[in-house]
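Trainee: when you get a sec, could you give me coordinates for this:
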Amino acid sequence: MLTAWADESGSRPDLDPGAYLLTAVLCEDDDVDEMRKTMDGLRIGETKLHWHGSSSERREQLVEAVSELPVTGFVVVHVDSDANDRRHRRKCMEFLLPLLADMPCSTITFESRGQLDASDLETLQMLRSRQIVEPTLRIDHAVGRLEPALWAADIVCGAVVQARIGNQSYLKVLGNSVELHTI
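Mentor: Below is the predicted model:
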């Protein structure tokens with residue numbers, strides 16, 4: 001069975017206005033420990049890996065490590081200059097969750113946003129009530145600094161943001177392991 005780890009990001013408002021990305025990195029359940037170990041091993045005095053604020057050299061190292069993992073990335077980009085983050089996220093989830101459920105993916109874990117986690121569960125429940133998503137898909141939330149698997153999604157998300165603003169180099173390293181959808 002597949003499991004997914006998700007992260008979100010706004011793009012660069014000055015170069016890519018109105019763009020919001022939701023990234024899911026999928027792997028077989030049996031490969032989760034390897035992903036966690038690899039991501040955790042990349043930390044250098046950090047509480048968690050984070051694309052934002054990393055140097056170009058560090059980003060190259062991070063994206064190379066993800067490219068060697070047995071994962072597939074799915075990135076949904078919602079572009080709407082008038083949308084707030086909550087609407088962006090919901091629109092991306094409405095596209096992504098049915099896709100994951102059909103794979104079949106059993107669980108998608110998002111980085112916890114505290115009280116805002118409830119809106120993710122509401123979106124899933126709405127999709128279930130419309131019979132768009134099977135009841136087998138579950139959403140979990142985890143604290144970012146405690147869950148290294150989430151960091152792989154952050155890295156893929158960062159590589160896609162860079163590609164959207166003109167730097168394709170990081171996304172090229174990931175190659176065909178990342179599927180992009182713009183909605």
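
Trainee: please report phi then psi for the residue nearest to the spatial centre of the chain.
Mentor: Closest to where the C-alpha atoms of the chain average out (CA atoms, centre = their mean) is T23, at 2.5 Å. In terms of degrees, to the nearest 10, the main-chain angles of T23 are phi -120, psi 130.

Trainee: run through the bridge partners of it.
Mentor: D7, V75 (DSSP bridges).

Trainee: hang on, isn't it packed against V156?
Mentor: Yes. With contact defined as CB atoms under 8 Å, T23 counts as touching V156 (5.0 Å). (C-beta placed from N, C-alpha, C; glycine too.)

Trainee: who touches both of these two?
Mentor: Common neighbours of T23 and V156 (criterion: CB atoms under 8 Å, 6 or more residues apart in numbering): 7, 73, 75.

Trainee: export the residues you listed to a markdown table and append columns for pLDDT, neighbour count and distance to I139.
Mentor: Putting the shared contacts of T23 and V156 into a markdown table (pLDDT from 0 to 100; neighbours: other CB atoms under 10 Å; distance: CB to CB, whole Å) gives the following:
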| residue | pLDDT | neighbour count | distance to I139 |
| --- | --- | --- | --- |
| D7 | 95 | 23 | 14 |
| G73 | 97 | 24 | 18 |
| V75 | 98 | 26 | 18 |
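
Trainee: and these, which is closest to T47?
Mentor: D7 (15.7 Å; CB to CB).
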